[in-house]
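Chemist: below are the sequence and a predicted model; questions follow.
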Amino acid sequence: MDKEQIWEASLARLELSLSKANFATWFENTFIKDIENDEQVTLGVPHAFAKAWLKKKYHKEILDSLQEVTEGKIKKIVYEVDLNIHKNEEKPKEKEETLEKEKTEININQTRYKDSLPMGEFALNEKYTFENFIVGKTNELAYAAAKCVATYPGEKYNPLFLYGDVGIGKTHLSQAIGNEINKRFKGEKVLYITCEKFVNDYIEAIQAGKMKGFRDKYRSYDILLIDDIQFMAGKDRTQEEFFNTFNEYYQKNKQIVITSDRPPQALSAFQERLTSRLESGMIADISIPDLETRVAIVESKLNQKGYKFKPEVIKFIATMIQKSVRELEGILNKIIAQYELRMIEPTIDNIKTTIFALKESRKKHANFGIRDIIKSVSSFYNITDEELKGKSRKRELVVPRQISMYLLREELDCSFPNIGAELGGRDHTTAMHSYQKIRTQMLENNKIQKDVELIREKLYL
Ligand code: ADP
Ligand code: MG
């Protein structure tokens, strides 16, 4: 067997034991450069990051598969960055020239649409960097992929799709990509935008008859970071427009990064062709960091602010807050504020009250009312308030109805008769039953749990 055949066969084996995304991410553009004395393989890898990753994570698997293929001959692997393959992939010059031309054209057009040029809410926040993102088991793949995209925008994983629950670092990573690209490639224009803003912008543009301005604006960037794509659910015309924008970027090898609260195939009320586009690149999930990583996050945040807490206090905070890093940060800030105010060093005992009190006061200081909850639930599920309150027993209405009853009780402490009355004049026993039902499902049903958390999160924004 020659080098190529050996690597081909080894890759075939590796592919079996790895997820599709992982395999594509780390083994693309790898090759055997050299085999010395029949026992040492030099593996060419496309960039330093892949080198570190393969060495750290997959060394054993790679060696095993090489040994299987060569009947035990290969004893050692040396990893070497080799850009050979990479160079062949460079964009043809002609294409770049047309791109340049289009860019200037767009810039001219753009001035007409100045009133809604990205500013303020579009802007990247410099506090989100790779350096201050703590990496643990539950976010390392997303982190690695994000780093890679920031180093090779448009060339590696396009689109990059990051998904996970609320408050676990999706926006942080996506913005870190933007900040890093701004730092590395001065000429690249980065657009960070929330999906919500994209939807509103689109609707405004249609109403004002300014679609051309809208298109020119969105297409004049080199990098598109779009946050919380799930917000486009059920919005067919916006999806249509986004699909076109997406294709524009994609065809020109411009990087697209998308975040979402769920994987592409789970985005309901999305057009099939759009989800398959979203799936076509690299997909990485993030979930809540494990305890050890949460401890590291607390330490890092304290460090940044110049505070030092006792290890057992840090561990206690990290143990108590298990749902989201955002909540973890929030509580930590409260504890710091208390500490400064009273000048008493935090101990497990005195922060216990803060943590419990905070969870309680979250309820009391809610600045939303019954109507807001009903509105949030119906808009989340793309139904009308009337349908939510109505008589229909269709499942797609019953579940949202029960969820709104649950939230009215949990968040506003409404009485059951009151809840029944608010939701279409139902009996208090119905309200009670619905509340109990969702309460149980919050422990058992992942989807319901996630939906409720998202709606809740929006209410507190
Ligand atoms: P999401 O977009 O997933 O809802 P964010 O990216 O807004 O969550 O993260 C919430 C907060 O938690 C942010 O302030 C972010 O900086 C912080 N955070 C999340 N994950 C990490 C991490 N791994 N290391 C440091 N900070 C983190
Ligand atoms: Mg976010």
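Modeler: Yes, it's here. Ligands and ions are numbered 1, 2, ... in the order given.
Chemist: for this protein, what spans make up the strands?
Modeler: For the chain, applying DSSP state E gives strands covering 31-36, 40-45, 76-81, 160-164, 190-194, 223-227, 255-260, 282-286.
Chemist: tabulate those (JSON lines), appending distance to Asn139 and mean pLDDT.
Modeler: Yep, even glycine has a C-beta here, placed from its N, CA and C like the rest. What follows is these, written out as JSON lines (distance: least, Cβ to Cβ, whole Å; pLDDT from 0 to 100):
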{"stretch": "strand 31-36", "distance to Asn139": "29", "mean pLDDT": "93"}
{"stretch": "strand 40-45", "distance to Asn139": "23", "mean pLDDT": "93"}
{"stretch": "strand 76-81", "distance to Asn139": "24", "mean pLDDT": "91"}
{"stretch": "strand 160-164", "distance to Asn139": "8", "mean pLDDT": "96"}
{"stretch": "strand 190-194", "distance to Asn139": "19", "mean pLDDT": "94"}
{"stretch": "strand 223-227", "distance to Asn139": "16", "mean pLDDT": "96"}
{"stretch": "strand 255-260", "distance to Asn139": "13", "mean pLDDT": "97"}
{"stretch": "strand 282-286", "distance to Asn139": "5", "mean pLDDT": "94"}
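Chemist: reformat those into CSV and put distance to ligand 1 next to each item.
Modeler: Below are those laid out as CSV (distance: least, Cβ to the nearest ligand atom, whole Å):
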stretch, distance to ligand 1
strand 31-36, 33
strand 40-45, 26
strand 76-81, 27
strand 160-164, 6
strand 190-194, 10
strand 223-227, 7
strand 255-260, 6
strand 282-286, 7
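Chemist: I'd like those as JSON lines, with distance to Ile177 and mean neighbour count appended.
Modeler: Listed next are those as JSON lines, based on distance: least, Cβ to Cβ, whole Å; neighbours: other Cβ atoms under 10 Å:
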{"stretch": "strand 31-36", "distance to Ile177": "28", "mean neighbour count": "16"}
{"stretch": "strand 40-45", "distance to Ile177": "21", "mean neighbour count": "20"}
{"stretch": "strand 76-81", "distance to Ile177": "21", "mean neighbour count": "14"}
{"stretch": "strand 160-164", "distance to Ile177": "8", "mean neighbour count": "25"}
{"stretch": "strand 190-194", "distance to Ile177": "8", "mean neighbour count": "21"}
{"stretch": "strand 223-227", "distance to Ile177": "6", "mean neighbour count": "24"}
{"stretch": "strand 255-260", "distance to Ile177": "6", "mean neighbour count": "26"}
{"stretch": "strand 282-286", "distance to Ile177": "12", "mean neighbour count": "23"}
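Chemist: enumerate every residue touching Glu279.
Modeler: 161, 264-265 (Cβ atoms under 8 Å, 6 or more residues apart in numbering).
Chemist: and ligand 2, which of those residues contact it?
Modeler: Among the contacts of Glu279, not one lies near ligand 2 by Cβ under 5 Å from the ion.
Chemist: so which of these is the closest to Ile35?
Modeler: Of all these, Ile35 sits closest to Phe161, with 37.1 Å by Cβ to Cβ.
Chemist: okay, now the closest residue to Val452 other than its chain neighbours: neighbour count?
Modeler: The shortest distance from Val452 to any residue other than its chain neighbours is 6.0 Å, reached at Ile403 (Cβ to Cβ, 6 or more residues apart in numbering). Neighbours of Ile403 under the rule other Cβ atoms under 10 Å: 26.
Chemist: one more: Tyr406?
Modeler: For Tyr406, the count of nearby residues is 25 (other Cβ under 10 Å).
Chemist: per-residue confidence for it?
Modeler: Looking at Tyr406, its pLDDT is 94.
Chemist: for Lys76, name its beta-bridge partners.
Modeler: Beta-bridge partners recorded for Lys76 (DSSP bridges): Gln40.
Chemist: so who does it touch?
Modeler: Contact partners of Lys76, counting by Cβ under 8 Å, 6+ apart, are 39-41.
Chemist: so what's the residue count around the residue in the stretch 101-250 of the chain positioned nearest to ligand 2?
Modeler: Closest to ligand 2 within the stretch 101-250 of the chain is Thr171: 3.2 Å, counting by Cβ to the ion. Applying other Cβ under 10 Å, we find 19 residues neighbouring Thr171.
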